[in-house]
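1. With the sequence up front, the predicted model follows.
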Amino acid sequence: MIDAEGSFEGVPCPECGSERTISWRFEEGFDELECRTCGYRSDAEAIADLQRASGDVLTRDDEVDAPVPKRPLRA
């Protein structure tokens, strides 16, 4: 389980320069930054990667028919 503690440290936002940010410190050893003015999140790229890797099955445009077995299959 990931647990974080947030604090208002006045770290400037890299997007808009606002100091209305929350610094999140995780027990696991990493930090995140969130801006209350423009909505910037330092973990936005990681979240986008997770959404892209949703496990959807991709289909091909040039689908090839599977070969028809010449004899019946036995289990």
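-> Thanks, I have the structure now.

2. which outside residues touch the helix-or-strand element of the chain with minimal mean pLDDT?
-> Least confident helix or strand of the chain, by mean pLDDT, DSSP states H and E, is helix 44-52 with a mean of 76. Residues outside helix 44-52 that contact it (Cβ atoms under 8 Å, 6 or more residues apart in numbering) are Arg41. Placement of C-beta: from N, CA and C, glycine included.

3. Over to stretch 21-38?
-> By Cβ under 8 Å, 6+ apart, the residues outside stretch 21-38 that reach it are 2-16, 18, 20, 40-43.

4. 7 Å instead?
-> If you take Cβ atoms under 7 Å, 6 or more residues apart in numbering as the criterion, stretch 21-38 is touched by 2-9, 11, 13, 15-16, 18, 20, 41-43.

5. Mark which of those residues are buried, thanks.
-> Neighbour-count burial (16 or more other Cβ atoms under 10 Å) is assigned, among the contacts of stretch 21-38, to Cys13, Arg41, Ser42.

6. From the contacts of stretch 21-38, which land in strands?
-> Taking DSSP state E, the ones among the contacts of stretch 21-38 that sit in strands are Ala4, Glu5, Gly6, Ser7.

7. With distance to Val68 added, can I get these in CSV?
-> Below are these laid out as CSV (distance: Cβ to Cβ, whole Å):
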residue, distance to Val68
Ala4, 57
Glu5, 62
Gly6, 61
Ser7, 66
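
8. I'd like these laid out as a markdown table, including pLDDT and distance to Asp49.
-> Formatted as a markdown table, the ones in strands among the contacts of stretch 21-38 follow (pLDDT from 0 to 100; distance: Cβ to Cβ, whole Å):
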| residue | pLDDT | distance to Asp49 |
| --- | --- | --- |
| Ala4 | 74 | 19 |
| Glu5 | 80 | 25 |
| Gly6 | 86 | 23 |
| Ser7 | 88 | 27 |
